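**Q** Output the structure for:
(one chain, ligands or ions: 1)
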Amino acid sequence: MQWGAGQLSFEDLAGPRTLEELRREIEGCARCSLAEGRTHIVFGEGNPHARLMLVGEGPGAEEDRLGRPFVGAAGQLLDKILAAAGITREEVYIANIVKCRPPGNRVPLRAEAEACLPWLRLQIRLINPRFIVVLGSTALQYLCDPQARITFFRGRWLEKGGIRIMPTYHPAALLRDPSKKRDVWEDFKKVRDAYRELVKR
Ligand code: URA
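**A** Residues are numbered from 1 along each chain as shown. From the prediction side, this is the model:
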């Protein structure tokens, strides 16, 4: 699979050369109606040279309030999973399919996700990670395949544009159904092992 040059806009080609340039470009973004309800754009955060990136769905209330990804209850669980895998939040990069909070934490509409995706694609290009963990079906469907089901693809390595992609359940799904924790841990062990092999720790 390719990132799809056809999906990149003309602006992308002239595009920002650093994440900070991209962040400035996104300031005040009004490409979709989520802009109207947001407190902060949640750009994403972490190591700009991360070998491992994690992509969720979209900001919740706490993320919108603070302008940071995965800082609410799901984020705290994600921190624990990363820590159990011996990976720090600082060494990875965390972003979402949409950068503004959908009202009531609903799933982003297709138009919202498609309006926002060029930003995420640019972010991925600038960071150039070797691995991406896609958290939940929204991230899986927009980054990999619109028809993909997370229940089928979780735990299976995919590959796109030279990046290895591991789909797993979203941490919010684990809060609703703790029986999924075992599967997520299996998935993260695969990520940990491949990542360790890469960074040789
Ligand atoms: N859920 C997400 O998908 N992303 C966040 O940043 C927080 C919760």
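**Q** Any idea which residue of this structure lies closest to the ligand?
**A** As assessed by CB to the nearest ligand atom, the ligand sits closest to residue 56 within the chain, at 2.8 Å. For every residue, glycine as well, the C-beta is placed using N, CA and C.
**Q** Pull up the residues of the protein that are close to the ligand.
**A** 56-60, 63, 69-70, 72, 74-75, 96, 172 (CB under 6 Å from any ligand atom).
**Q** Residue ranges in the chain under the pLDDT threshold?
**A** Applying pLDDT under 70 to the chain flags residues 1-14, 201.
**Q** So which residue is dead centre in it?
**A** By CA atoms, centre = their mean, the chain has its centre lying nearest to residue 55, at 1.2 Å.
**Q** what are the bridge partners for it, then?
**A** Per DSSP bridges, the residues bridged to residue 55 are residue 95, residue 134.
**Q** Tell me which residues of stretch 88-103 come out buried.
**A** 89, 92, 93, 94, 95, 96, 97, 98, 99, 100, 101, 102 (16 or more other CB atoms under 10 Å).
**Q** how about these in TSV, adding secondary structure?
**A** Compiled in TSV, the buried residues of stretch 88-103 are given as follows (DSSP: H, G, I helix; E, B strand; the rest coil):
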residue	secondary structure
89	helix
92	coil
93	strand
94	strand
95	strand
96	strand
97	coil
98	coil
99	coil
100	coil
101	coil
102	coil
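**Q** Output these as TSV; include the columns distance to residue 140.
**A** TSV is the format used below for those (distance: CB to CB, whole Å):
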residue	distance to residue 140
89	22
92	18
93	18
94	16
95	15
96	13
97	10
98	15
99	18
100	20
101	20
102	17
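**Q** between these, which is nearest residue 187?
**A** residue 92 (15.0 Å; CB to CB).
**Q** Is that closest one in contact with residue 45, as I believe?
**A** No. Counting by CB atoms under 8 Å, residue 92 does not reach residue 45; the two are 9.6 Å apart.
**Q** Near residue 38, how many other residues are there?
**A** Neighbours of residue 38 under the rule other CB atoms under 10 Å: 17.
**Q** let me redo that: residue 109
**A** Neighbourhood size, residue 109 [other CB under 10 Å]: 14.
**Q** show me what contacts it?
**A** Residue 109 makes contacts with residue 102, as judged by CB atoms under 8 Å, 6 or more residues apart in numbering.
**Q** State the helix or strand in which residue 63 lies.
**A** helix 61-66 (DSSP states H and E).
**Q** so what secondary structure elements neighbour that helix?
**A** Here helix 61-66 touches helix 73-84, going by 3 or more CB pairs under 8 Å, 6 or more residues apart in numbering; DSSP states H and E.
**Q** Pull out the buried residues from the helix it packs on.
**A** Using 16+ other CB under 10 Å as the test for burial, helix 73-84 gives 74, 75, 77, 78, 81, 82.
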